[in-house]
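*Asks:* sequence first, predicted model second:
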Amino acid sequence: MYMMKLKPKDKIFMITMAGLISKEEGSRLLNDAKKVLITFNAAEYYFVINTVELKASAQDALEVMQKCLGLFASLPFIKQINITPRSALLKS
């Protein structure tokens, strides 16, 4: 599951990913992101990706997920912020 939000007032483009991402869902994410990304100037926005609830995805989804991440990394956002789960080993 993924959710995409564009917050023009705050200049934030945010994607939250949770659960398992299939190859088909990864392809939808890539297509949806391309549609949204042409509606604003990335150089004026912060990009936030939240993967705290993301589970390990299927092997066949890795290629499309790499394309998604490559697309986001190639854009000139003011800053890219990754919200990731904390390792259980790091908890005190």
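*Replies:* Everything's here; your move.

*Asks:* contact partners of stretch 24-33?
*Replies:* Contacts to stretch 24-33, defined as CB atoms under 8 Å, 6 or more residues apart in numbering, come from residues 1-2, 4, 15, 17, 21, 57, 61, 64-65, 67-68, 71-72. Glycine gets a C-beta too; all of them are placed from N, C-alpha and C.

*Asks:* out of those residues, which are buried?
*Replies:* For those, a neighbour count by 16 or more other CB atoms under 10 Å gives the buried set as 2, 15, 17, 21, 57, 61, 64, 65, 68, 72.

*Asks:* now do the same contact list for the second one.
*Replies:* Taking CB under 8 Å, 6+ apart as the definition of contact, the neighbours of residue 15 are 2, 3, 4, 5, 29, 33, 48, 49, 50.

*Asks:* for the second one, name its beta-bridge partners.
*Replies:* So that's residue 3. With beta bridges defined as DSSP bridges, residue 3 has these partners: residue 16.

*Asks:* what's the answer for residue 50, then?
*Replies:* Note on residue 50: beta-bridge partners by DSSP bridges are residue 16, residue 83.

*Asks:* quick one: it and residue 14 touch, right?
*Replies:* Yes. The criterion here is CB atoms under 8 Å, and residue 50 meets it with residue 14 at 7.0 Å.

*Asks:* now do the helices in this structure.
*Replies:* 23-37, 62-74 (DSSP state H).

*Asks:* just the CA atoms of the shortest one, as PDB, please.
*Replies:* Provided in PDB are the C-alpha atoms of helix 62-74 (Å, rounded to 0.1, in the frame of the first residue of the first chain):
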ATOM      1  CA  LEU A  62      12.700  -4.900  -6.600                       C
ATOM      2  CA  GLU A  63      13.400  -3.700 -10.100                       C
ATOM      3  CA  VAL A  64      10.400  -1.400 -10.300                       C
ATOM      4  CA  MET A  65      11.000  -0.100  -6.700                       C
ATOM      5  CA  GLN A  66      14.600   0.700  -7.800                       C
ATOM      6  CA  LYS A  67      13.200   2.700 -10.700                       C
ATOM      7  CA  CYS A  68      10.900   4.600  -8.300                       C
ATOM      8  CA  LEU A  69      13.800   5.500  -6.000                       C
ATOM      9  CA  GLY A  70      16.000   6.400  -8.900                       C
ATOM     10  CA  LEU A  71      13.400   8.800 -10.200                       C
ATOM     11  CA  PHE A  72      13.000  10.500  -6.800                       C
ATOM     12  CA  ALA A  73      16.800  10.700  -6.300                       C
ATOM     13  CA  SER A  74      17.200  12.300  -9.800                       C
END
